[in-house]
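[1] Just need the structure, nothing else, for what follows:
(2 chains)
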Amino acid sequence: DAGVIQSPRHEVTEMGQEVTLRCKPISGHNSLFWYRQTMMRGLELLIYFNNNVPIDDSGMPEDRFSAKMPNASFSTLKIQPSEPRDSAVYFCASSTLAGGNNEQFFGPGTRLTVL
Amino acid sequence: DAKTTQPPSMDCAEGRAANLPCNHSTISGNEYVYWYRQIHSQGPQYIIHGLKNNETNEMASLIITEDRKSSTLILPHATLRDTAVYYCIVRAIKAAGNKLTFGGGTRVLVKP
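    Presented below is the predicted three-dimensional model:
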């Protein structure tokens, strides 16, 4: 298995532009998580899905952020409009839901820089 | 989920055992102790987890005190590639989800 796939790996954009981050979870996993990591705030959970349904989006910073999971093999995190404070590494992770003692597998992350 | 406390950093000599402590004094009976690590520029990686018994796998050992208020992750023979930030996380197993709450972790530097 290729693991969790994220694209792009690096994104540099200007303030005000729309940014879309993409994630392909591991096949067969039915939970998907979006995290953000900065030096100041560490690793924060933004939102997670179970069976393509958003369960907890309390970590989404504001309305400029939105996430979708149209099917079991694809998810997007969109920032519109982007701001310099959104600069961070964004990680996607997936896991199985059944059983409970299930590890999360993280992707390599997308490093976002908003100028 | 219960809060955890870890030292911010520690050094370890290559080839020696690294013992990483974690305090979780408010842990509940249904909460597990998980350990993840994050090597520089990579996503976090699962290491091990346990409820109350000591656990061992190919990566590490987890020792949980009898009262479950603290635990120790042991890397038996640290290598330079074990340099990373290690996160201790306490999490209840819930049917609705299994999100992780990361704290500051312990930055471990393995020195030759």
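[2] give me the low-pLDDT residue ranges for chain B?
    Judged by pLDDT under 70, chain B has its weakly predicted residues at B:1-2, B:94-97.
[3] in it, what residue is nearest chain A?
    Using CB to the nearest CB, the closest approach of chain B to chain A is made by residue B:43 at 2.9 Å. Glycine gets a C-beta too; all of them are placed from N, C-alpha and C.
[4] Assign residue B:58 to one of the three secondary structure states.
    coil (DSSP: H, G, I helix; E, B strand; the rest coil).
[5] Against residue B:48, how distant is it?
    10 Å (CB to CB, to the nearest Å).
[6] Residue A:5: what's it in contact with?
    Contacts for residue A:5 (CB atoms under 8 Å, 6 or more residues apart in numbering or on different chains) come out as A:23-24, A:107.
[7] Would you mind trimming the residues you listed to those in range of chain B?
    With CB under 8 Å from any CB of the partner chain as the criterion, the contacts of residue A:5 include residue A:107 near chain B.
[8] neighbour count winner among residue B:58 and residue B:48?
    Counted by other CB atoms under 10 Å in any protein chain shown, residue B:58 and residue B:48 do not tie: residue B:48 has more neighbours, with 19 against 5.
[9] how near is that one to residue B:87?
    From residue B:48 to residue B:87 the distance is 12 Å (CB to CB).
[10] Tell me the strands beside the helix or strand containing residue B:36, with direction?
    Taking DSSP states H and E as the criterion, residue B:36 maps to strand B:31-38. Its sheet considered, strand B:31-38 pairs with strand B:45-50 (antiparallel), strand B:84-92 (antiparallel) by DSSP bridges.
[11] distance between it and the chain's centre?
    From the chain centre to the centre of strand B:31-38 is a distance of 5 Å (CA atoms, centre = their mean, to the nearest Å).
[12] Without its sequence neighbours, what residue ends up closest to the residue of chain B closest to chain A?
    residue A:106 (2.9 Å; CB to CB, 6 or more residues apart in numbering or on different chains).
[13] List the residues that contact the one you found.
    If you count contacts by CB under 8 Å, 6+ apart, residue A:106 has them with A:4, A:35, A:91-93, B:42-45.
[14] Can you select the buried ones among these for me in ChimeraX?
    Selection of the buried residues among the contacts of residue A:106 in ChimeraX, burial being defined by 16 or more other CB atoms under 10 Å in any protein chain shown:
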select /A:4,35,91,92,93 /B:43,44,45
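[15] Widest-spaced pair of the contacts of residue A:106?
    A:92 and B:45 (14.4 Å; CB to CB).
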